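**Student:** what's the 3D shape of this:
(chains A, B and C)
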Amino acid sequence: MTGIEIIIEKCVGCRLCIKECMFGAIEMKDKKAVINDNCTLCGACVPSCKFDAIRIESDKTQETADISKYNGVWVFAEQKHCAVSQVAFELLGEGRKLADTLSIPLSAVLIGSNLQDEANKLIAFGADNIYYVDNQSVEYYNDESYTDIFVQLIEKYKPEIVLIGATTYGRSLAPRVASRLNTGLTADCTGLAIDPEKRLLLQTRPAFGGNLMATIICPNHRPQMATVRPKVMKPLEPDYSRIGEIIHPDVIIPTDLKTKVLDAVQTVCETVSLTEADIIVSGGRGLGEAKNYALVEELARVLGGAAGASRAIVDAGWVDYSHQVGQTGKTVGPKVYFACGISGAVQHLAGMSSSDIIIAINKDPDAPIFKIATFGIVGDVREILPELIKKFKERLG
Amino acid sequence: MNIVVCVKQVPGTSEVKINKETNTIIRDEAEAIINPFDEYAIEEGVRVKENVGGSVTVISMGIPKTAELLRETIAVGVDEAVLLTDKAFAGADTLATSYTLSMGIKKLGDYDLIICGKQATDGDTAQVGPSLAEKLGVPHTTNVRKIEEIKEGYIRCQRMTDDGYEVVEMPLPAVITVVKEINEPRYPSIKGKLKAKKYEVKILNAEDIGADISLCGLNGSPTRVIKTFTPVHEIKAEMIEGTACEQAEKLADKLLSMQFVKCK
Amino acid sequence: MNYFLTEEQQMIKELAARIADEKIAPVAIEYDREGKFPRDIIKYLADSDLCGVYIDDKYGGLGGGVFEMALVVEELSRACGGIALAFAGTGLGTFPIILFGTEEQKNKYLPDIAAGKKLAAFALTEADAGSDAAGIRTTAVADGDYYVLNGTKQWITNGGEADIYTVIACTNREKGARGFSAFIVEKGTPGLSFGKKEDKMGIRASATCELIFENCRIPKENLLAREGMGFIVAMKTLDRTRPGVAAQALGIATGAFNSALKYAKEREQFGQPISSFQAVQHMLADMAIQIEAARCLVYQTCRHIDSGTKNISKEAAMAKVFASDTAMKVTTDAVQIMGGYGYMKEYPVEKMMRDAKITQIYEGTNQIQRNVIALELIKESTRE
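**Tutor:** Residues are numbered from 1 along each chain as shown, chains lettered A, B, ... in the order given. A predicted model of the protein is given here:
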């Protein structure tokens, strides 16, 4: 029988599992844990039990495709305007490690048109070979055509692992592909590793807005697919002497698409978008009023970064939603993140805590943002921002 | 136009608090709510109905308790609420969830537009929308921030991208997932609440929707969670003291010396 | 405390509280500073059916009474007494129609008010007619199928913003108070104009201004009740809306108390939260006692009125006096507990203290209310 079981002999009634259950699905009866109808089999309780008294089983080993036929690590090289996105190079860096651990090749999948230079660049950044689908009609991203082509490639070449950047497109493409292939997909990973014994990809990702980390495997289905958060993995130093093969696979380019992209409008006028920026200056309620957001934009401009915002000021209408950082906005991971007058609600932290350096400026010394900050300044952002703008202007010329 | 909105019950995120000593989530207070992103999906469904006519059905896969939350959606203009609940659905990952929802939606009959929230706040995967579209064999567009035009068999909408938006058109039926920018969910009305009080949520199990239980729940899920842990933040902030001017000076020094900020 | 609300009353209270917390509280300080009228908030109240809580379901309302109105006013006032007044002022302007309107008048005006499409206002006060309402100078002279209004009304809540005005004017000077009549005047009627918006100490988000009538011709069917009934229309209306003022005061007091309590727990002095000092604890206890006592009186008075009892002037006056005096005292103490922070415009309690003051003044000063109460007491004892 599929399900969860409390091994009565082992349960000591310590209640640890009750605390762990997010769904109120464990109760105590006669000093033993009992599972009720609220259980979603999420598995959170299993490791919480110090006595191995909880077991989750499925009633049969899943029908397993012959997984030994699958081989190789793939990275989806997302491109826009004839340039491969940064996250693809980061994934190659990480993919290289995984491929080397498993002693299998690392490949990049490139779909687009006129991308020969980019293909060579992908090799320099670590790919052993490139599956390059070069066609005018797939120059721009389209969910339907890209899914079709990607699935054809996977079915033909059978990679063991597929990594896709957790960008807007990546998070749309990956689930569609995984669903068609009926394989597992782990979203928005921040850590990847290999279980050397079982040769399984260990995919670690945040859940509950970053309050909980979960490690996920896909034991019986191939490929093992994951989307990976940008700015988390590190690219290799490019080596243009590296040799790799560019393969032009024979795929059917779908025509007569249902989904049509009529227009692409750029609204983010800044040169850097939030998700790509190395430096982000974000503002929150502590700015006092809407017009002070200009200070945030000014500092971002001086530093060559992007301007972000907390949910509070987006909801208050001070700044457009496209600037919102956090669980309900954008997830970012720049080298430097300025939190100006942002107290640091967990939902905000979820969207920026993977930044390398966090600078917190807040009037309240007890604000939670200081708990994750590298540098903290207690003070009024309305006074400190103008000073910072002045200083950096002087230094940077 | 038949509009279906997929919703999920999640623990109330505003209630998620961290125990400062042990760095673990205090979960006792986490009451269940409808995934906040799904509220925008519901609102958009009701608005489309108000503009072009039709009906809005909310569907969810979840534990029996979810019915209470689904009932409340009647108060904001939803016509029907359907809960897919079965022990066989438990432990589903996004693939199994998509399959189960697709079977439930097919059971409802004809549908034109399916709306999902961008993602759920507990898992943050954003996978069920596209995955569901695949299972139904219909096109999808994620991160929709505006419906520009919708009529029988046709939708044109704006999809938010990293640097702006795209205008996408699709034939209906289709799936869209929506971001919060798309609207401001309305408050329930008292008359709606009174109507909701009397409403009976339709409950369907695996057999009712003709689902193959080997594709549902834990059995139908390729992925497995093998470990959960709470991240430890061990950073101790270095506090910069002094007047505003001195603080700015010191910080600029640090960032420049660490080469995070470079001269042009 | 269990207030034994019905399920529907509980729903109304909770929904109003949600709107207050989510929509009003974040903008209260700004609207107060800018003197901004809360049109946007009215929209939320309208969409959630709250605008019509006290209007019969026959006219699209929820069929509640004074109590339902008071519950909404209280919750909204917790976040901002000024913003709440756009709602409460409409109640004041609407009750004359509810109480004395003909079927035609009700059908014409109540559905739009219940749906929140139109706001109402009540125009009684004049420069020389405050506590002594008999000093009204505005005249209404019959002229064929019309009445012609001349005169100036002062300090009219929702003035300029409301679409429907119930106006008390003199139709027969010789009869004194018996010579007053009540009229419905729609915004846009030629001859009706508005004076400048008053710059007030508190409740600054509400609009207060003069109504100027210059040969303003209104159709005869806009007469409420009969000629000469104006004073009675006004008094019966105020009897029903005084609990609304009381509820406003109660809400303001509650809001200030909540701020003070939260602050007392967070603010540390001498190495401990100030809530650990007995001086502060006793203040908090006294504030809570007064608020709870006021709430019990207000709720009970509302139930008393809604039960259909005839004599309600004394009770309504008591609730108004007690709750407004409580609001003044509690908000003053809240500022005291919060010290320097309490005095700053950055925090909401100084605003609450300013807002509280008006509740002791308008819809009959507390001194006049005490007169009413005393006269009723003497009358009752004579009757016995």
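
**Student:** pLDDT score for residue A:321?
**Tutor:** pLDDT for residue A:321: 84.

**Student:** show me what contacts the nearest residue to it once chain neighbours are set aside?
**Tutor:** What sits nearest to residue A:321 in space, not counting adjacent residues and going by Cβ to Cβ, 6 or more residues apart in numbering or on different chains, is residue B:181, at 4.2 Å. Just so you know, the C-beta spots here come from the backbone N, C-alpha and C atoms, and that holds for glycine as well. By Cβ atoms under 8 Å, 6 or more residues apart in numbering or on different chains, the contact set of residue B:181 is A:321, A:322, B:145, B:146, B:160.

**Student:** next one: stretch A:349-368 to chain centre, how far?
**Tutor:** Put simply, stretch A:349-368 sits 20 Å off its chain's centre (Cα atoms, centre = their mean, to the nearest Å).

**Student:** what's the answer for stretch B:70-81, then?
**Tutor:** 17 Å.

**Student:** so where does residue A:96 fall, helix or strand?
**Tutor:** Residue A:96 belongs to helix A:86-102 when assigned by DSSP states H and E.

**Student:** who touches that helix?
**Tutor:** By Cβ under 8 Å, 6+ apart, helix A:86-102 touches A:72-79, A:105-106, A:108, A:122, A:125-128, A:160-161, A:163-167, A:170, A:192-194, A:196, A:199, A:201, A:228, A:230-236, A:276.

**Student:** overlap between the residues you listed and the residues near chain B?
**Tutor:** A:167, A:276 (Cβ under 8 Å from any Cβ of the partner chain).

**Student:** what's the domain layout of chain C?
**Tutor:** Following the assignment in automatic domain parsing, chain C carries domains at C:7-119, C:121-228, C:231-383.

**Student:** Highest mean neighbour count out of the ones you listed?
**Tutor:** Of all the domains of chain C, domain C:7-119 carries the top mean neighbour count, a mean of 22, counting by mean count of other Cβ atoms under 10 Å in any protein chain shown.

**Student:** Please pick out the residue of chain C most distant from its centre.
**Tutor:** Distance from the C-alpha centroid of chain C peaks at residue C:271, with 43.6 Å (Cα atoms, centre = their mean).

**Student:** List the buried residues in the helix holding residue A:96.
**Tutor:** A:86-99, A:102 (16 or more other Cβ atoms under 10 Å in any protein chain shown).

**Student:** Next to chain A, which bits of chain C? Give me the list.
**Tutor:** Checking chain C against chain A by Cβ under 8 Å from any Cβ, the hits are residue C:26.

**Student:** Which positions in chain C make contact with chain B?
**Tutor:** C:7-8, C:11-12, C:15, C:18-19, C:44, C:47-50, C:53, C:62.

**Student:** Go through the residues you listed and name the one nearest residue B:215.
**Tutor:** Residue B:215 has its nearest neighbour among these in residue C:18, at 40.6 Å by Cβ to Cβ.

**Student:** any bit of the host helix or strand of residue A:348 sitting next to chain C?
**Tutor:** In this structure, residue A:348 is located in helix A:346-352 according to DSSP H and E. No. Between helix A:346-352 and chain C, judged by Cβ under 8 Å from any Cβ, nothing touches; the nearest distance is 15.9 Å.

**Student:** Point out the other helices and strands that that helix packs with.
**Tutor:** Under the contact definition 3 or more Cβ pairs under 8 Å, 6 or more residues apart in numbering or on different chains; DSSP states H and E, helix A:346-352 sits against strand A:336-340.

**Student:** that older thread, of the contacts of residue B:181, which pair is most distant in space?
**Tutor:** A:322 and B:146 (12.7 Å).

**Student:** check contacts around residue 45.
**Tutor:** You didn't say which chain, so I picked chain A. Here residue A:45 is in contact with A:4, A:17, A:20, A:21, A:26, A:54 (Cβ under 8 Å, 6+ apart).

**Student:** nope, chain C
**Tutor:** Residue C:45 makes contact with C:16, C:19, C:51, C:72, C:87, C:116, according to Cβ under 8 Å, 6+ apart.

**Student:** quick one on the thing from earlier: what's the mean pLDDT across the helix holding residue A:348?
**Tutor:** Mean predicted lDDT for helix A:346-352 stands at 83.

**Student:** That one: how far from the chain's middle?
**Tutor:** 14 Å.

**Student:** Checking residue A:132 next. Helix, strand or coil?
**Tutor:** With DSSP: H, G, I helix; E, B strand; the rest coil as the basis, residue A:132 sits in strand.

**Student:** per-residue confidence at it?
**Tutor:** 96.

**Student:** Could you list the low-pLDDT ranges of the chain?
**Tutor:** No chain in the question, so chain A it is. A:1-2, A:58-65, A:209-211, A:268-272, A:397 (pLDDT under 70).

**Student:** try chain B instead
**Tutor:** B:13-30, B:231-235, B:260-264.

**Student:** what do you get if the cut-off is 50, keeping everything else the same?
**Tutor:** For chain B, residues meeting the criterion pLDDT under 50 lie at B:14-16, B:18, B:20-25, B:27-28, B:264.

**Student:** Now the closest residue to chain A within it: which helix or strand?
**Tutor:** With Cβ to the nearest Cβ, the shortest gap between chain B and chain A falls at residue B:91, namely 2.8 Å. Using DSSP H and E, residue B:91 falls within no helix or strand.

**Student:** Quick one: name whatever helix or strand follows the helix or strand of chain C with the lowest mean pLDDT.
**Tutor:** Least confident element among the helices and strands of chain C, by mean pLDDT, DSSP states H and E: strand C:268-269 (a mean of 90). Per DSSP H and E, strand C:268-269 leads on to strand C:272-273 as the next helix or strand towards the C-terminus.
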